[in-house]
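Q: Just the structure for this:
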Amino acid sequence: MTRTSPIVGMYYHPPAQAIINALPIDAPLILRAQPHNEHDRNAIGVLVSSSVFADLDPEPIEQQLATSGIGIKDILSQDEWFLGYIPRPIAAKLKASKTVTDSADVEGWFGCKPDGSPEVNF
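A: This next block holds a predicted model:
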C-alpha cells in the first residue's frame with residue numbers, strides 16, 4: 001500500500017524550495033526520523049541525495065536554482081539535502097505504527113499534488 005504525505009517546512013530550510021522545484025517527479029527521497037528534534041520528538045525529515053541530480057541535464061536545474069543563490073555544483077557538493085518535514089500529525093502516526101523508526105531510513109519518491117504542492121510517496 002502506497003502512502004502519501006505533503007512535504008512542509010521547506011521555506012524554513014533554504015535552499016529546500018529551490019531544490020524541490022528542480023526535482024524530477026519520482027526522484028528518490030529519504031524519510032528519516034529526527035528523535036533529537038527539540039520541537040517534536042516524532043519529527044520525520046524528508047531528504048534527497050544529491051546523486052539524483054548527477055545524471056540530469058544541468059541547464060533546467062540551474063534555471064530553477066537561479067534565484068536561490070546556489071547552483072548545481074553546490075547541490076553536488078553535499079551528499080544529501082534536507083527538504084522539509086512530514087506534517088506533525090502524520091509523523092506521529094507513522095512513528096506510532098513503526099512505519100518510520102529511529103533506527104532506519106524509509107525510501108520514498110517525489111510527487112506533486114494536483115495544486116502543485118510537493119509530496120512524498122512511500
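
Q: helices and strands around the lowest-mean-pLDDT helix or strand in the chain, which ones?
A: The weakest-scoring helix or strand in the chain, judged by mean pLDDT, DSSP states H and E, is helix 58-65 (a mean of 86). Secondary-structure packing of helix 58-65 (3 or more C-beta pairs under 8 Å, 6 or more residues apart in numbering; DSSP states H and E): helix 16-22, helix 72-76. C-beta coordinates here come from the backbone N, C-alpha and C atoms, glycine included.

Q: Please name whichever of these is nearest to Ala91.
A: helix 16-22 (17.0 Å; C-beta to C-beta).

Q: Output the contacting helices and strands for that closest one.
A: So helix 16-22, by 3+ C-beta pairs under 8 Å, 6+ apart, packs with helix 58-65, strand 80-85.

Q: Who is Thr4 paired with across the strands?
A: On the basis of DSSP bridges, Thr4 is bridged to Asn121.

Q: show me the contacts for it.
A: Gly111, Glu119, Val120, Asn121, Phe122 (C-beta atoms under 8 Å, 6 or more residues apart in numbering).

Q: Who wins on neighbours among those residues?
A: In terms of neighbours by other C-beta atoms under 10 Å, the contacts of Thr4 top out with Val120 at 23 neighbours.

Q: so that residue touches Ile44, yeah?
A: No - counting by C-beta atoms under 8 Å, Val120 stays clear of Ile44, with 9.5 Å between them.
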